[in-house]
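Asker: structural data only, the sequence is not supplied:
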């Protein structure tokens, strides 16, 4: 059964394997709470300290955020980062939620479950609506958002290069409409 858990020391090796898989497949890393940067420049322990600080007292320019591993059978399948509120920058690009699925597990519907479980965490935080953005060239990501009730507000072009889609999800509606798909078994691939 799939579940979201807070990162802990016990997952250090599995977290490294998770990030290394992105490098192996030359895949962009999103929604990992800067785990990749900490593993390159510092240590897993320092990353755990960083995400704990973000959840309690973020530095200026950052917002309070919670990071989770999506776990199945003790394997990290994905990650999700939930920002508790938005600053001006996140309102334009980034939103409340960033997520990722390891490259070898993509295309199997895992991210829909990841997002569903993340929306449950958003509800626990009292968030009624959440903003999620997706690269216009990443149909897997924006189809996941749409599958969970995301309503496209607009598209934003950055530096005349990349276009991002900005979606809003009504949290309680999304959870209610998708409960039968993702709640009981934790899996509807």
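Answerer: That came through fine. Quantities reported herein were computed from a predicted structural model and do not represent experimental measurements.

Asker: which element is residue 67 on?
Answerer: Residue 67 is part of strand 65-72, with elements assigned from DSSP states H and E.

Asker: now the angle from the very next helix or strand once past that strand to strand 65-72?
Answerer: As assigned by DSSP H and E, the chain's next helix or strand after strand 65-72 is strand 75-83. Orientation check (axes from the mean of the first three to the mean of the last three C-alpha atoms, to 10 degrees): strand 75-83 against strand 65-72 gives 160 degrees.

Asker: what's the average pLDDT for strand 75-83?
Answerer: Mean pLDDT, strand 75-83: 97.

Asker: buried sites along that strand?
Answerer: Across strand 75-83, burial judged by 16 or more other C-beta atoms under 10 Å covers 76-83. Every residue, glycine included, has its C-beta placed from N, CA and C.

Asker: same thing with stretch 54-64?
Answerer: 54, 58.

Asker: quick one: that stretch to chain centroid distance?
Answerer: 17 Å (C-alpha atoms, centre = their mean, to the nearest Å).

Asker: do stretch 155-170 as well
Answerer: On the basis of C-alpha atoms, centre = their mean, stretch 155-170 sits 17 Å off its chain's mean C-alpha point.
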